Structures are given as structure tokens and as C-alpha cells.
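>>> Okay, structure incoming, though there's no sequence with it:
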């Protein structure tokens, strides 16, 4: 992978990387097409990273289909796919991780201990191997994107980080590899996430700016479905991810909900209406 990257750079090509855990869907393909628009060469990585899964999480059952992924990547115009083995990245005795003190202590980080430490470490390793000029990440994982931007700035990676808007199914469900784990009935239930977010947005348009009221309404919508369990619903500052009590400036509303046994996340930007 490094040799391929060096050849492209020697030929004057700019490289964009799209890191993935595979089981590609249209959301991933949108990131790849955006990467192709911005760079001369597109590389993707396919690696289900064990260090960002906690005890009891779905590492063993995370969906995988490498042959299908490679076919889809070719069709999307990807030039190189990096598919390392676990032992390539985690040598015996591996003992070095990257961490942050502030951004991981919100949202998903509160219930997924060690998740972002593992994520940052593998992204840094991918950056070191692929040596891209830019990397494209989806805004569905908004906290991940914010943490990567902070890491890149703090550690002086010479890489441009690009966020891509959430790609949704026709009914509004945010695309995720985990959606395939939902039963048909759970798939319908999962729409309560986007319904809750859009309801908060509609209340904002009616001049309701109190975060606790917006969150309570979202919670009511989600808990009306017996097959759901809320991890969090938060309204926070998009830069610091700290909770805000009153939406008097652009904010992020983010939530994590387990539907059946499948954990889903989603978010939306809330902007106060201009007088």
C-alpha cells in the first residue's frame, strides 16, 4: 500500500482515502465519489478494527462481505483497496494507543469506553501507511469526525479532513452497515430516530429553543416503540460537543438508540430561525 501511494505521489497525483469497515452501502460509495471529485486517485481501507469494539459489542457479528465490497469499490472508481489483516496492524505485544481528553467524553464516548481510543489509533495507522493528501468521513459519525479533525490538528498530520453529509434511505433512515441486522419490523421502528430529529427541528421553527423540551419530545417519540432503548439524546455545541440548555445558536442534536439488538446513531443540525 505504501509503495503504491509513493508511486502516485511521485507521478504528481493527489490521493484521497476513505476508511471503512466494509460491508459497503450507498453512503460509503457517496464518500468514494466525493473523494474522486477532489483527488486524482482514491484509496479505501477495509478493516473491522477490534480495538474500537468493547466487551459485548458486535465485533464478531459485524457484517462482512469482502468480494462484494471490492466489486462495489471498482464500480465507484476506486483505484486501490487496502485490506490489512489484524496481525498486520496489531503485532504481538502492541502497546501504543492515541487518546484525547475532551471530545470523547460526550455522546457515544460515555457508553463505549475505549471506542474512540481504538478508532483514533487505527485512523492514525491508516494515515501513516496510505499517506493521503485528504480523507473523507461521513457526518453520521459526527463525534468521530470531530475527534479526527482534532487529532489531525494536534499531531500535525498534513491531511485535509472532509466531512460528507449523511446519506439516507428514501424513507429517511441514515445508511449504516448495521441496518442489515434489523428485522423488517425493526426496520420500520428505526424510523423513529429521524422522526424524533425532524420533530425537534419543527419545534425549533415554532420558536421552541429549550433543549430539555426538544429532548423530551424526541424521547417520547422513541419510547413509544417497545423494541427501543435510548443510549442518549443530546443537544450540544458542534465544536466542543458540550450540552447546551438553550438553542440560541447553531447546534447539533445527536442520538443513539438500540432497536432490538442493533445500535443506531443519527444527528441533525438545529439552527434558530432568523428574525
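Ah, there it is. All values derive from a computational prediction rather than experimental measurement.
>>> Please list all residues in contact with residue 53.
Contact partners of residue 53, counting by CB atoms under 8 Å, 6 or more residues apart in numbering, are 59, 62, 115, 118. (C-beta placed from N, C-alpha, C; glycine too.)
>>> just the buried members of these?
62, 115, 118 (16 or more other CB atoms under 10 Å).
>>> Which ones among those residues lie within strands?
Within these, no residue falls in strands by DSSP state E.
>>> Just the ones in helices from these, please.
If you go by DSSP state H, the buried ones among the contacts of residue 53 have 115, 118 in helices.
>>> of all the buried ones among the contacts of residue 53, which comes closest to residue 265?
Nearest to residue 265 among the buried ones among the contacts of residue 53 is residue 115, at 11.8 Å by CB to CB.
>>> quick one: pLDDT of the closest one?
Residue 115 is assigned a predicted lDDT (pLDDT) of 97.
>>> Wait, it touches residue 100, no?
No: using CB atoms under 8 Å, residue 115 makes no contact with residue 100, being 11.9 Å away.
>>> Distance check, the closest residue to residue 165 other than its chain neighbours against residue 196.
Nearest residue to residue 165, sequence neighbours excluded (CB to CB, 6 or more residues apart in numbering): residue 139, at 5.7 Å. Residue 139 is 18 Å from residue 196, where distance means CB to CB, to the nearest Å.
>>> Looking at these two, which one has more neighbours?
Neighbours per residue (other CB atoms under 10 Å) separate residue 139 from residue 196, with residue 196 holding more: 27 against 17.
>>> list the contacts for the more buried one?
Contacts of residue 196 (CB under 8 Å, 6+ apart): 217-219, 221-222, 233, 255.
>>> Just to be sure, residue 220 is in a helix?
Yes: assignment of residue 220 by DSSP: H, G, I helix; E, B strand; the rest coil places it within a helix.
>>> Now do it, the pLDDT please.
Here, the pLDDT recorded for residue 220 equals 98.
>>> thinking again about what came up before, of the buried ones among the contacts of residue 53, just say which sits nearest to residue 19.
Using CB to CB, these come closest to residue 19 at residue 118, 13.0 Å.
>>> Does the closest one touch residue 47 like I think?
No: applying CB under 8 Å as the test, residue 118 and residue 47 come out as separate, 11.5 Å apart.
>>> Let me know the pLDDT of residue 274.
62.
>>> Against which helices or strands is the one helix or strand residue 127 maps to packed?
Secondary-structure assignment from DSSP states H and E places residue 127 in helix 115-130. Applying 3 or more CB pairs under 8 Å, 6 or more residues apart in numbering; DSSP states H and E, we find helix 115-130 packed against helix 2-10, strand 15-20, strand 41-46, strand 80-82, helix 142-154.
>>> now do 7 Å
Packing contacts for helix 115-130, counted by 3 or more CB pairs under 7 Å, 6 or more residues apart in numbering; DSSP states H and E, involve strand 15-20, helix 142-154.
>>> Let me know which of these is tucked in deepest.
strand 15-20 (a mean of 26; mean count of other CB atoms under 10 Å).
>>> Checking residue 60 next. Helix, strand or coil?
Per three-state DSSP, the secondary structure class of residue 60 is coil.
>>> give me the number of residues near it?
Neighbour tally, residue 60, other CB under 10 Å: 8.
>>> quick one, domains of this structure?
2-164, 177-268 (automatic domain parsing).
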